[in-house]
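Colleague: Sharing a sequence plus its predicted fold:
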Amino acid sequence: MEFGLWEKYYKDIIEDFGFSRSGDEKSAKLLDEILSTEGCLTLDDLSQIVGFSDKFIVFGAGPSLKNHVLMLKENHDLKDYVLVAADGATTALIEEKISPDIVCTDLDGNVDDILLANLRGANMVIHAHGDNIDKVATLSSLFSNVLGTTQAQPIGNLYNFGGFTDGDRALFLSVALGASEIILAGMDFGDKVTKYSRPDLEVKVEGADEFKRKKLLYAEKFTNWITENEPVNVINLLE
Ligand SMILES: Nc1ncnc2c1ncn2[C@@H]1O[C@H](COP(=O)(O)OP(=O)(O)OP(=O)(O)O)[C@@H](O)[C@H]1O
Ligand SMILES: Nc1nc2c(c(=O)[nH]1)N=C(CO)CN2
Ligand SMILES: [Mg+2]
């Protein structure tokens, strides 16, 4: 999605959630400085790395994730797909001994599992925003093979492919990487959160709070936008 169009949605989001655009920009500037020092991936680099397939699977952290992972393991040769884990969904893949090719994260999933995935070869798409500037400062330099994203105006090394939550941003990234088909696993949206999304939950699934429900509404809205506006075949395993 071109930034001009994204910016209209972005303005709605920051107003709806009361986010700070300057906070988003400050976090983006910090991530860009870190990536300038540590080195980072360009979109071309990442396209080369995952050029083995134009078929993608995006794993969200919804309640159906584990069942979908087991079904995909059973019925598909996962080597034929670019596997993109959205943040907390990384843990479910690690549990099933699956290594994602890409992790899309704003660094609020299970960081130990995301680090392990990175050690095992996952490329990292790290998202900077106004509410994770501390994590950007303390965690982003721990990762290798990083491409940086922002939800504000792209600067320096950073990209903005469109999208808001880790899951829908993973779809916009997949489109930017040339996906012709994207299978959605664990992309339930709705009103439940899982231990994958909230590692400190005592139970596996519980009702989402209003803040999370609103985020999931945007995630669903942008997922639908891709289905309606991009030349890509989106298959949601929930349907
Ligand atoms: N019911 C669901 N619960 C959680 N995530 C879901 C659900 N359905 C789809 N997803 C997708 O899985 C992605 C990964 O979830 P996760 O909560 O780890 O990341 P997140 O986007 O940073 O959310 P948050 O900011 O609330 O931590 C979400 O971004 C969302 O797009
Ligand atoms: N400012 C801000 N931006 C976000 C936030 C958030 O909590 N605050 N959460 C997101 C979900 O991945 C994406 N973007
Ligand atoms: Mg997250």
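Modeller: Received, thanks. Ligands and ions are numbered 1, 2, ... in the order given.
Colleague: And P199, what's its pLDDT?
Modeller: For P199, the pLDDT comes out at 87.
Colleague: Which elements pack onto the helix or strand containing K214?
Modeller: Under the criterion DSSP states H and E, the helix or strand holding K214 is helix 210-229. Packing partners of helix 210-229 (3 or more C-beta pairs under 8 Å, 6 or more residues apart in numbering; DSSP states H and E): helix 3-17, helix 166-176, strand 233-236. The C-beta positions use only the backbone N, C-alpha and C, and glycine is treated the same way.
Colleague: Buried residues in that helix, which are they?
Modeller: 212, 215-216, 218-220, 222-223, 225-227 (16 or more other C-beta atoms under 10 Å).
Colleague: Out of the residues you listed, flag the one nearest to ligand 1.
Modeller: A219 (3.8 Å; C-beta to the nearest ligand atom).
Colleague: my read: that closest one touches G167, true?
Modeller: Yes - contact status for A219 versus G167: in contact at 5.3 Å, counting by C-beta atoms under 8 Å.
Colleague: The protein: helices as residue ranges?
Modeller: Secondary structure of the chain (DSSP state H): helices at 3-17, 21-38, 43-49, 65-75, 89-95, 111-119, 133-139, 166-176, 210-229.
Colleague: got a markdown table for the helices and strands packed on helix 210-229, with mean pLDDT, mean neighbour count and distance to ligand 1 too?
Modeller: Below are the helices and strands packed on helix 210-229 laid out as a markdown table (pLDDT from 0 to 100; neighbours: other C-beta atoms under 10 Å; distance: least, C-beta to the nearest ligand atom, whole Å):
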| stretch | mean pLDDT | mean neighbour count | distance to ligand 1 |
| --- | --- | --- | --- |
| helix 3-17 | 98 | 14 | 10 |
| helix 166-176 | 98 | 26 | 2 |
| strand 233-236 | 98 | 16 | 10 |
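Colleague: and the closest residue to L65 other than its chain neighbours, how many neighbours?
Modeller: Counting by C-beta to C-beta, 6 or more residues apart in numbering, G186 is the residue found nearest to L65 once chain neighbours are left out, at 2.9 Å. G186 is flanked by 28 other residues according to other C-beta atoms under 10 Å.
Colleague: Also Q48?
Modeller: Other residues lying near Q48 total 11 when counted by other C-beta under 10 Å.
Colleague: heads up, I number from 273, so please use that
Modeller: Sounds good: first residue 273 from here, last item Q320.
Colleague: Quick check: it vs N347, distance?
Modeller: Counting by C-beta to C-beta, to the nearest Å, the gap from Q320 to N347 is 29 Å.
Colleague: next one: E502
Modeller: From E502 over to N347 (counting by C-beta to C-beta), the distance is 25 Å.
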